[in-house]
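**Q** Test case, fold it:
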Amino acid sequence: MNCTIPRIVIAGTGSGCGKTTVASGLVAALRARGMCVQAFKVGPDYIDPSHHRVSSGRPARNLDPFMMGEAGVIDTFVRASKGADIAVIEGVMGLFDGVDGGDFSSTAHVARILDAPVLLVVQVRGMSRSVHAMVHGFVSFDPAVRVEGFICTMGGSERHEQMIRSHAQIPCYGWVPRRDDLVVDSRHLGLVMAEEDGRMQRHGLVIEECCDIEGLISCAKQTSALSAQPLAQGSNQRVRIGVALDAAFCFYYEDNFDMLRHSGAELVFFSPMTDALPEADAYYFGGGYPELHLDRLTDAPCIDALHRSAEDGKIILGECGGLMWLSESITSDEKTVQMAGLLPASCEMEKKFVGLGYVQGEVTGGSIFSRGSTILGHEFHYSRTSIDPGFDARFAYTLSRGKGICDGMDGLYEEGVIGYYTHMYLTPSLAQSLIRSIEFQVK
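**A** Prediction:
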């Protein structure tokens, strides 16, 4: 399967320079011109893709060599770009910031894998000629990375713009001024989700007004063909998985949904805060913000049915926020609220992050995933989980990288219920293992 789609990477000098504003705005501006745009986010982030999804009208995808490998990056890119006219890829952190301070899994790494031109976003507040020293450093640092131009954010007066544009050594494709009404609110895990703040939707008009869209389209065409292996023909739907999806549970990798469907699952989405538990063979509660919806979750209409499902031996997965939901309680701002109570543990919110970074480990316990399987993913949480006193904790995952629930152990399980902090990226073998386990339980 070959792909020749035009593509461009929106990279930054560092976090907070305006990458998401430019990327989402460019996606919206291209869509307004009648183009079908596929958006991507480098790295494991869930939040920025929510803004890209709203801007593009298509599911946004993550591209992460650590979790999916280089071939997986190409496969996801090619598969997701089918039917699109152009692809916009937002980077992570600074252009050259990768795992453990190296290059691997950096935006530059992904740009090389995809042979994609790079547009550098530079916050120019308080600078003039120094901007060009910064741009020159990024252009020359790695000649294999094609930095074809830059966009200025937090720009000032017309005179400020002229001072910078007149000395540019590579094309300056845009000048985005300082505007408080464009700033999207943040919380402890990053920007608020797109559904909670509509300001990002105005960025398309700003990018259309302030940037050379035609020039960027021409730049995006400077690419070569990519080749990927299509997914083998999937199995017929054999099991039904209820997936929690609402403001409390909203962190999922789109690829995981694809992999589950391909492996034989029908996915049924529901909101634990408002809906009865749907009829299903297993349940999946992803990450998100349960701590922001404690009052609604403690009275969730699905709790009693969820307990009956656990008693029947059904598999119930809780990932990060899902782990918190499956626990006995969550304590936040000195207030303790009862949760589903399917795992003998309690969670407490801290003022700073408890776990942050990539995760790698092995399945060493439980009966849901095949023992010996490698797990890869990411953790980012402000909660701390404590096992109830007197309970002999059993963990399914032993981590060689990452914190997990405690001491490098993750995947607290009790019968078919399992909770873990790792936002796991499902490989075909892991997805197939899960489907087989669900099938076995159903039989």
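**Q** what are the ranges of the helices in this structure?
**A** Taking DSSP state H as the criterion, the chain carries its helices at 19-32, 47-56, 65-80, 107-113, 130-141, 158-165, 203-210, 213-220, 254-262, 294-298, 303-311, 321-326, 428-442.
**Q** Make sure Ala431 is actually in contact with Met259.
**A** Yes - contact between Ala431 and Met259 holds when scored by Cβ atoms under 8 Å: they sit 4.2 Å apart. The C-beta positions use only the backbone N, C-alpha and C, and glycine is treated the same way.
**Q** Break the chain into its domains for me.
**A** For the chain, whose domains are defined here by automatic domain parsing, the residue ranges read 2-227, 239-442.
**Q** what about the shortest one, start to end distance?
**A** Terminal residues of domain 239-442 lie 9 Å apart, using Cα to Cα, to the nearest Å.
**Q** can you check stretch 122-137 too?
**A** Termini of stretch 122-137 sit 12 Å apart (Cα to Cα).
**Q** By mean pLDDT, point me to the weakest helix or strand of this structure.
**A** Using mean pLDDT, DSSP states H and E, strand 186-187 stands out as the lowest-scoring helix or strand of the chain, at a mean of 42.
**Q** circling back: now the helices of the chain as CSV including distance to Tyr421?
**A** Converted to CSV, the helices of the chain look like this (distance: least, Cβ to Cβ, whole Å):
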stretch, distance to Tyr421
helix 19-32, 25
helix 47-56, 17
helix 65-80, 15
helix 107-113, 25
helix 130-141, 34
helix 158-165, 44
helix 203-210, 33
helix 213-220, 37
helix 254-262, 16
helix 294-298, 18
helix 303-311, 20
helix 321-326, 6
helix 428-442, 17
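**Q** Check those for me and report the most buried one.
**A** For those, the stretch with the most neighbours on average is helix 321-326, a mean of 30; neighbours defined as mean count of other Cβ atoms under 10 Å.
**Q** for the record, mean pLDDT for that helix?
**A** Helix 321-326 shows an average pLDDT of 96 in the prediction.
**Q** Tell me which of the helices of the chain sits nearest to Asp388.
**A** In this view, the helices of the chain are compared for proximity to Asp388 by Cβ to Cβ, and helix 321-326 is the closest at 13.0 Å.
**Q** for the closest one, packing partners?
**A** Contacts of helix 321-326 with other secondary structure elements, assessed using 3 or more Cβ pairs under 8 Å, 6 or more residues apart in numbering; DSSP states H and E, are made with strand 249-251, strand 282-285, strand 287-288, strand 315-319, strand 383-387, strand 417-420.
**Q** Run the chain-centre distance for that helix.
**A** From the chain centre to the centre of helix 321-326 is a distance of 18 Å (Cα atoms, centre = their mean, to the nearest Å).
**Q** what's in contact with that helix?
**A** 244, 248-249, 251, 272, 284-291, 297, 316, 318, 330, 339-343, 347, 383, 385, 405, 412, 417, 419-421 (Cβ atoms under 8 Å, 6 or more residues apart in numbering).
**Q** For the stretch 151-300 of the chain, which residues score under the pLDDT cut-off?
**A** Per-residue confidence for the stretch 151-300 of the chain (pLDDT under 70) gives these ranges: 179-202, 231-235.
**Q** how close does Thr76 sit to Leu114?
**A** In this view, Thr76 and Leu114 are 11 Å apart by Cβ to Cβ, to the nearest Å.
**Q** what is in contact with these two at once?
**A** Taking Cβ under 8 Å, 6+ apart as the contact criterion, the residues that touch both Thr76 and Leu114 are Leu63.
**Q** most distant residue from the middle of the protein?
**A** Distance from the centre of the chain peaks at Arg159, with 38.9 Å (Cα atoms, centre = their mean).
**Q** Against Tyr425, how distant is that one?
**A** When Cβ to Cβ is applied, the distance between Arg159 and Tyr425 equals 48 Å.
**Q** do Gly264 as well
**A** With distances defined as Cβ to Cβ, the gap from Gly264 to Tyr425 amounts to 19 Å.
**Q** In terms of neighbours, single out the busier of these two.
**A** Taking Gly264 and Tyr425 together and counting by other Cβ atoms under 10 Å, Tyr425 has the greater number of neighbours (22 against 19).
**Q** correct me, but that one touches Asp258?
**A** No - with contact defined as Cβ under 8 Å, Tyr425 and Asp258 do not form a contacting pair (11.6 Å).
**Q** residues near Met1, how many?
**A** Applying other Cβ under 10 Å, we find 12 other residues in the vicinity of Met1.
**Q** Not counting residues beside it along the chain, what's closest to it?
**A** Spatial nearest neighbour of Met1, excluding adjacent residues (Cβ to Cβ, 6 or more residues apart in numbering): Pro230 at 4.8 Å.
**Q** With Ala393 instead?
**A** Closest residue to Ala393 apart from its sequence neighbours, by Cβ to Cβ, 6+ apart: Ile387 at 4.6 Å.
**Q** ok, now how distant is the one you found from Tyr413?
**A** When Cβ to Cβ is the yardstick, Ile387 and Tyr413 sit 12 Å from each other.
**Q** Looking at these two, which one has more neighbours?
**A** Legend: neighbour count by other Cβ under 10 Å for Ile387 and Tyr413, higher for Tyr413 (21 against 18).
**Q** OK, contacts around the closest residue in space to that one that isn't next to it in sequence?
**A** On the basis of Cβ to Cβ, 6+ apart, the spatially nearest residue to Tyr413 that is not a chain neighbour turns out to be Gly366, at 4.8 Å. Neighbour list for Gly366: Arg394, Ala396, Gly411, Tyr413, Ile418 [criterion: Cβ under 8 Å, 6+ apart].
**Q** any idea how far Gly366 is from Ala393?
**A** 12 Å.
**Q** and of the contacts of Gly366, the nearest to Met134?
**A** Using Cβ to Cβ, Gly411 is the member of those that sits closest to Met134, with 43.8 Å.
**Q** mind saving the C-alpha coords of stretch 75-90 as CSV?
**A** Coordinates of each C-alpha in stretch 75-90 appear next as CSV, following Å, rounded to 0.1, in the frame of the first residue of the first chain:
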residue,chain,number,x,y,z
ASP,A,75,1.8,1.9,8.8
THR,A,76,-0.4,4.2,11.0
PHE,A,77,0.3,7.2,8.9
VAL,A,78,-0.5,5.5,5.6
ARG,A,79,-3.6,3.7,6.9
ALA,A,80,-5.0,6.8,8.5
SER,A,81,-4.2,9.1,5.6
LYS,A,82,-6.4,7.1,3.2
GLY,A,83,-8.9,9.4,1.5
ALA,A,84,-7.2,12.6,2.8
ASP,A,85,-5.7,15.4,0.6
ILE,A,86,-3.0,16.5,3.0
ALA,A,87,-1.6,15.5,6.4
VAL,A,88,-0.6,17.9,9.2
ILE,A,89,1.6,16.4,11.9
GLU,A,90,2.0,18.3,15.2
